[in-house]
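**Q** Just to be clear, the model below is a prediction. Sequence and coordinates:
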Amino acid sequence: MEWRCNNCRRKKRHFFKVLIGDFSDELRLPPDFTKHIQVKEESGNASLRVCGGRTWQVELRKVDNRLVFRKGWSNFVVGNGLRTGDFLVFKHDRVLHFIVRVFDASACEKRRLPAGDTCRNAEMSNVSMSEGSLDCSSFKHSRGRVTGPQQDAWNAACSFKTKNPCFRKYFTDKTMCCRSYYLNVPSAFVRQHLAFESCMLTLFDPEGRCYPVRYLNTSESGGIVGFSSGWRKFAVENHLREGDACVFEFIKEPIGFKVHIFRGDKDGTEGER
């Protein structure tokens, strides 16, 4: 893909984006900024570097005369813990290379997440309940040992029995419930049950309501695996909160998951809030 900056003196080197709506799969560049970059082909690979951090490779594609970050953008979103309301400033450093600064709702620049901390929700998983019990009494997360009703919620999730494969999630951060557009799936579970390409799945809540979600699998390129588009709608409408625990029970017809929700403010009781 051939690119050329139309503004040799780089008078317009910056643009900003406020993250609203569903930004998990793509991000559109401002039309006025796009005018300063000449595109001779439909797509190319761009580099996004966070100040003082790592660099992500993202597809920059021309769609309806707009430039859009597409393939690889989801990795950037999850890798930097982006949330609704975050404010991103992009500096066009050179052709197809951008330096990105991320600010949260407090108007302060976000700290760079260390490796392994890109998803701030604790998790445990199992392939089959018959393979053994989980030691829930020793479960901890980044804020310390889980106690009280929240411990009850996790214990209830651990005690849940099913013949189907399942994995569990404990939400330690309210932003993972009500503001995030993405939920990662444990890699061990993916390898044994979800080792197929990205597709649409269905989540069924405790009331039997169905929610289509996109299953995103970019593991072959070292990327992320989890639920993207559709996850936030499920989380909001089921009132997921910090301290809740969920069991995701895998079903094949229709392919998707029955989600059992255990409430952290109701002594681990399953069901509606």
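**A** Perfect, thanks for sending it.

**Q** Now stretch 71-84 - C-alpha only, PDB.
**A** C-alpha atoms of stretch 71-84 as PDB (Å, rounded to 0.1, in the frame of the first residue of the first chain):
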ATOM      1  CA  LYS A  71      -7.700  -5.700  12.000                       C
ATOM      2  CA  GLY A  72      -5.500  -5.500  15.100                       C
ATOM      3  CA  TRP A  73      -7.400  -2.600  16.600                       C
ATOM      4  CA  SER A  74      -9.100  -5.000  19.100                       C
ATOM      5  CA  ASN A  75      -5.700  -6.100  20.300                       C
ATOM      6  CA  PHE A  76      -4.800  -2.400  21.000                       C
ATOM      7  CA  VAL A  77      -8.100  -1.800  22.800                       C
ATOM      8  CA  VAL A  78      -7.600  -4.800  25.200                       C
ATOM      9  CA  GLY A  79      -3.900  -4.400  25.500                       C
ATOM     10  CA  ASN A  80      -4.400  -0.800  26.800                       C
ATOM     11  CA  GLY A  81      -7.500  -1.500  28.900                       C
ATOM     12  CA  LEU A  82      -9.500   1.100  26.900                       C
ATOM     13  CA  ARG A  83     -12.900   2.000  28.300                       C
ATOM     14  CA  THR A  84     -15.900   4.100  27.300                       C
END
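
**Q** pLDDT on that stretch, on average?
**A** On average, the pLDDT along stretch 71-84 is 82.

**Q** ok, now stretch 42-49?
**A** 85.

**Q** now do stretch 241-256
**A** pLDDT averaged over stretch 241-256 gives 90.

**Q** Do you know the pLDDT at the residue nearest to the spatial centre of the chain?
**A** Central residue check for the chain by Cα atoms, centre = their mean: the C-alpha nearest the mean position is that of Tyr182, 2.6 Å away. Looking at Tyr182, its pLDDT stands at 82.

**Q** Pull the contacting residues for it.
**A** Contacts for Tyr182 (Cβ atoms under 8 Å, 6 or more residues apart in numbering) come out as Ser24, Ser74, Val77, Val78, Leu216, Ile224, Gly226, Phe227, Ser228, Trp231. The C-beta positions use only the backbone N, C-alpha and C, and glycine is treated the same way.

**Q** ok, 10 Å please
**A** Listed by Cβ atoms under 10 Å, 6 or more residues apart in numbering, the contact set of Tyr182 reads 24-25, 74, 77-78, 81-83, 118-119, 176, 214, 216, 224, 226-229, 231-232.

**Q** All the strands of the stretch 101-250 of the chain, residue numbers only.
**A** Along the stretch 101-250 of the chain, the stretches classed as strands by DSSP state E, counting those that start in this stretch are 122-126, 140-141, 144-145, 166-170, 183-184, 199-204, 210-217, 225-227, 245-252.

**Q** What pairs with the fifth one, parallel or antiparallel?
**A** Think strand 183-184. strand 225-227 (antiparallel) (DSSP bridges).

**Q** Then the fourth one?
**A** Within its sheet, and counting by DSSP bridges, strand 166-170 is paired with strand 122-126 (antiparallel), strand 245-252 (antiparallel).
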